[in-house]
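K.L.:
okay, here's the prediction I keep looking at, along with the sequence it came from:
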Amino acid sequence: MGRGWVALALALAACTGAPAQQGGSAGSGGQAGDLTDHGGVIMPASTASAIWWGAREAFPPDAIATVEALLGGLRGSALLSLTDQYMRGSRATSSFSGSLFDASAPPADPASGSVAAEICSVLQANGARPDGDTVYLVYPSAAPRSRTKCAWHSWGNCGGTTIRFALMLNAWGTSCELVPHYSCAQMSAATLSLASFTAHELLETLTDPGGDAWTDSSGAEIGDKCERGGDRRQVRVGARLHGGGREVVRDAAGMVQRAAPVRLALS
């Protein structure tokens, strides 16, 4: 699979899970009403940076190229535009700075503090400074211990800078791996899973990076407001159309908007 625009057909679903650490959200949140703006920091203009933590051969062969294509195609996409209504009058923009690699073995169940430390270490090794407007998307080669903790997002401190990040555990051959028949794209189920987790956690980080911006009354975030079911549509990511599902998102005034983002697997 090339590094250009990639056919990402990620159907929509909502899965329950344990609360994410610090800044993440809990469960599906479908019965807790609309998202409400609590006034916290949001990220209308951001950069995404991928950090691959562990031996490259431990990841699905098509994972890195697929995730990079997804992140590189976000600008102007229907997926990213889902967050516009939460940007307080701004339009969401996102660029992709590329991937960084650390071949050291990650812990079996990385906690928020260890992920923040890893980001700092990788940035230092590459001569880069931490950036508060970047979402660091961390992909450890470690497998999740259960389906209740496949991916989450949080925040931490790196050299005095508040950093926002998300962790997507390696779903390859685990219970977090999504059923491949949900996708019409030519990618492995494990890579479909990583791409889905990435989209879910990225959108939640942009709209609720510190856990005090856009949530419903239960603490659920934008990705948790998915609805199961039909009404199959398509979403444009990059230059191609891909099969989607249905998501209903509401602004603070209760306006219903319908769109078809990627499959959202965990919070």
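P.N.:
Noted; the coordinates are in hand.
K.L.:
for Thr83, which non-adjacent residue is closest in space?
P.N.:
Ranked by Cβ to Cβ, 6 or more residues apart in numbering and with sequence neighbours excluded, the top spatial neighbour of Thr83 is Ala92, at 4.5 Å. From N, CA and C alone the C-beta is placed, and that goes for glycine too.
K.L.:
ok, that neighbour - contacts?
P.N.:
Going by Cβ atoms under 8 Å, 6 or more residues apart in numbering, Ala92 touches 44-46, 80-81, 83-84, 206.
K.L.:
ok, now Trp172?
P.N.:
Counting by Cβ under 8 Å, 6+ apart, Trp172 has contacts 59-60, 143, 188, 190.
K.L.:
apply 7 Å and report the result again.
P.N.:
Contacts here follow Cβ atoms under 7 Å, 6 or more residues apart in numbering; on that basis Trp172 touches 60, 190.
K.L.:
that older thread, in strands, which of the contacts of Ala92 appear?
P.N.:
45-46 (DSSP state E).
K.L.:
for the contacts of Ala92, pick the one with the most neighbours.
P.N.:
Leu206 (27 neighbours; other Cβ atoms under 10 Å).
K.L.:
for the closest residue to that one other than its chain neighbours, which residues are in contact?
P.N.:
Of all residues not flanking Leu206 in the chain, Met43 sits nearest, at 4.6 Å (Cβ to Cβ, 6+ apart). By Cβ under 7 Å, 6+ apart, the contact set of Met43 is 133, 205-206, 209.
K.L.:
which of those lies closest to Ala171?
P.N.:
Thr205 (19.2 Å; Cβ to Cβ).
K.L.:
any idea how far Thr47 is from Ser188?
P.N.:
According to Cβ to Cβ, to the nearest Å, Thr47 and Ser188 sit 27 Å apart.
K.L.:
quick one, which of these two is more surrounded?
P.N.:
Ser188 (20 against 17).
K.L.:
which pLDDT value goes with the residue nearest to Met87 when sequence neighbours are not counted?
P.N.:
Nearest non-adjacent residue to Met87, counting by Cβ to Cβ, 6+ apart: Pro44, 4.3 Å away. Predicted confidence (pLDDT) at Pro44: the value is 97.
K.L.:
surely Pro44 meets Ser90?
P.N.:
Yes - the criterion here is Cβ atoms under 7 Å, and Pro44 meets it with Ser90 at 3.9 Å.
K.L.:
which element is Phe96 on?
P.N.:
Taking DSSP states H and E as the criterion, Phe96 maps to strand 93-102.
K.L.:
how about that strand as CSV, C-alpha atoms only?
P.N.:
Coordinates of the C-alpha atoms in strand 93-102 are reproduced here as CSV (Å, rounded to 0.1, in the frame of the first residue of the first chain):
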residue,chain,number,x,y,z
THR,A,93,-7.4,22.6,10.4
SER,A,94,-4.8,19.8,10.8
SER,A,95,-1.4,19.1,9.3
PHE,A,96,0.7,16.0,9.6
SER,A,97,4.4,16.4,10.6
GLY,A,98,5.3,12.7,9.9
SER,A,99,6.3,9.7,11.9
LEU,A,100,9.0,9.2,14.5
PHE,A,101,10.4,5.8,15.6
ASP,A,102,11.7,4.3,18.8
